[in-house]
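**Q** the sequence and its predicted three-dimensional model are supplied below.
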Amino acid sequence: MTPIYLQRGALHSALGADLRAAGAALQGGQRPVSGSFLLHELQQPRPYLAVGGCAENRPQRCDRLLGETLGEQPGELDDCLLIIASTSLDIDDLEQLIAAEGGFHPEHSTPLDRLAEDLRQRWGFADAFTLNTACTSAANGLLYGARMLASGLYERVLVLAFETPSAIAQQGFGALELVSPSGVYRPFHPERDGLILGEAYAATLLAKEPGDAPLAKLLGGFSACDTSNLTTTHEDGSHIDWVMREALRSAGVDIGQIGLVKLHGTATGANDRAESNGVRLLFGDALPPLCVLKPWLGHTLGACGLSETLLLVENLASLPGVDYAAEALLPLIAQPTSIAADSLLLANFFGFGGNNASLILQRCTGDQA
Amino acid sequence: MKPVIAACSVRGEARCSDKDLKAALSQWLATPPRRIDRMILQALLCSAPLKARVRSDCGLYLASRHPARATMGALLDAVCVHQRQPKPFEFVNSVSNAAGFHVAAQLGLEGPNLFIGAGTNVWKQLQALAALDLSDGVITQALLVVIDENGDFQAQAVLIEAPTNAQGFAELTADIEVLQLQAC
């Protein structure tokens, strides 16, 4: 695959108001403070990591994010594709409407491309579409957006990924018993008890040229569907192993060149077991440093492919460890760890619908940065 | 080599119940999946007739203008009006790529599986995504599916084996015989 630059990036998350603040919190070991919601019927609290401190609604937030990513004078965007990667889309509006009106009517349903088309018209993008492959949405947005650039379809691609607080998502993951009752987010811990959902808004501008201060290069990736189960992947890790191998192949990278793996690490029983097996199948005993980022952002669902990628590439100088590394299914980094800035990174993202995706990335350093 | 291998177009009136769609699907699949919603049924209805022509190294590029309204309605009513937990299978079906999962599982597709919201340029966008995987040799076939339900519904599937760049379904399938089905 032709390397494509992440020229700029922006992130609003529970960890910080912007990417720089989130990085400072990550490197300072300051975990976000979770709020909570009540599971209906059971009336039990479950944690939630919300973005704090701002009264913006979703459209205002997305506009600000686009502005931060494109710069003060974005110019004409008629050479730029917009890809929206999200599972929530406008569900926040619908939830309010249905609650207010006392019930759903078919005419309440909004087109799935409504937000993309609205942003295309208002900002003047050449084209726009919504990509929704559950928790691999943003990873696929990066991968396919980059390849569309490389094929010459567009000069630039803007990937906008977000997950808003959604009662449907909160109660749905709760009904599947996938949300952590303890509120302690511990991917790969033998007594892990589930995920913590997180709100996030992220954007990046992809281009063939590095621009003034590029964040990273996307060197390759692969995405495929495991049809064994709608909500889990092969527990033996064989599909994950295959996806990671294909991602490496697309980037022309050998296993031994990988300097760090950013695991998907949802802290759910089946996912972590499958990913642990897949990683061991691929690397054997020669495991590179392994990190998890969901304890810091929450599981940002369709946005995690971008929210975690941005946080990762900006903080290689001090990635946090976990205090249970010795017990974990995989040997996660235990102490804050510095990874060489030009290391090749493998980042995993898996989702409902059997979607498994892996990306190969490299932070831009030296003159490029 | 002709890039388009086969195509199917299914129409149904608004009065078609999910039971009608299940009955229609049973003509093409011996054991259709259980507990699936209307959008999954529609995706399967237009894809299953192409099963004999599909190889395993095929990608799926699926789009719908709307989510399955009945599923969304049941979820929203349960959670936002009645303050109840959603039924797990309804929540899982509400994931947009659930339809893609079931099509891939039933047809034995092992390639990429993407879902996009269908707008004005949906056929061009699906072809562009599929062309990337076909050109890179990731797959040797691509199944493009578009579902549109607004009262009556139409579900269309096209199987291709090389990149295409048609304006829409009609141009894409101009040189082949399209299997036309009426769901009820």
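**A** Thanks, I have it.
**Q** which residues does whatever helix or strand A:Phe37 lives in contact?
**A** Secondary structure assignment for A:Phe37, by DSSP states H and E: strand A:35-38. Here strand A:35-38 makes contact (C-beta atoms under 8 Å, 6 or more residues apart in numbering or on different chains) with A:Gln44, A:Pro45, A:Arg46, A:Pro47, A:Tyr48, A:Leu49, A:Ala50, A:Ala167, A:Gln170, A:Gly183. All C-beta atoms are positioned from the backbone trio N, CA, C, and that covers glycine.
**Q** can you tell me the strand partners of that strand and which way each runs?
**A** strand A:45-49 (antiparallel) (DSSP bridges).
**Q** average pLDDT across the strand it pairs with?
**A** If you average the pLDDT over strand A:45-49, you get 98.
**Q** would you check that A:Ile4 makes contact with A:Tyr144?
**A** No. Contact between A:Ile4 and A:Tyr144 fails when scored by C-beta atoms under 8 Å: they sit 11.0 Å apart.
**Q** pick out the residue in chain B sitting closest to chain A.
**A** Closest contact between chain B and chain A, by C-beta to the nearest C-beta, is at B:Gly117 (3.0 Å).
**Q** which non-adjacent residue is nearest the residue of chain A found nearest chain B?
**A** Of all residues in chain A, the one sitting closest to chain B is A:Leu112 (3.0 Å; C-beta to the nearest C-beta). Excluding the flanking residues, the one nearest A:Leu112 by C-beta to C-beta, 6 or more residues apart in numbering or on different chains is B:Gly117, at 3.0 Å.
**Q** same thing with A:Asp342?
**A** That would be A:Thr365: by C-beta to C-beta, 6+ apart, it lies 5.0 Å from A:Asp342.
**Q** where does A:Leu205 land in three-state SS?
**A** strand (DSSP: H, G, I helix; E, B strand; the rest coil).
**Q** just give me the neighbour total for it.
**A** 24 (other C-beta atoms under 10 Å in any protein chain shown).
**Q** same question, B:Arg35
**A** B:Arg35, neighbours per other C-beta under 10 Å, totals 11.
**Q** Three-state assignment for it, please.
**A** What three-state DSSP gives for B:Arg35 is coil.
**Q** flag every residue of the stretch 151-300 of chain A that's near chain B.
**A** With C-beta under 8 Å from any C-beta of the partner chain as the criterion, the stretch 151-300 of chain A comes near chain B at residues A:151, A:153, A:167-168, A:171-176, A:222-225, A:227, A:230-231, A:246, A:250.
**Q** okay, now the unreliable bits of chain B?
**A** B:1 (pLDDT under 70).
**Q** for B:Gln180, give me its contacts.
**A** B:Cys8, B:Ser9, B:Arg11.
**Q** now it. Its backbone dihedrals?
**A** Here is the backbone geometry of B:Gln180 (degrees, to the nearest 10): phi -100, psi 120.
**Q** could you do A:Pro331 as well?
**A** According to degrees, to the nearest 10, A:Pro331 has phi -80, psi 80.
**Q** count the residues that sit near the closest residue to A:Leu206 other than its chain neighbours.
**A** Closest residue in space to A:Leu206, ignoring its immediate chain neighbours: A:Val157 at 4.3 Å, by C-beta to C-beta, 6+ apart. A:Val157 has 26 neighbours, counted by other C-beta under 10 Å.
**Q** residue nearest the centroid of the chain?
**A** All of this refers to chain A. By C-alpha atoms, centre = their mean, chain A has its centre lying nearest to A:Cys304, at 1.4 Å.
**Q** let's do chain B instead
**A** B:Ala43 (3.1 Å).
**Q** pretty sure that one sits in a strand.
**A** No. Checked against three-state DSSP, B:Ala43 lies outside a strand; its state is helix.
**Q** now the strands for chain A?
**A** Secondary structure of chain A (DSSP state E): strands at A:4-13, A:35-38, A:45-49, A:80-85, A:127-131, A:156-163, A:197-198, A:200-207, A:216-225, A:258-262, A:290-291, A:344-350, A:355-363.
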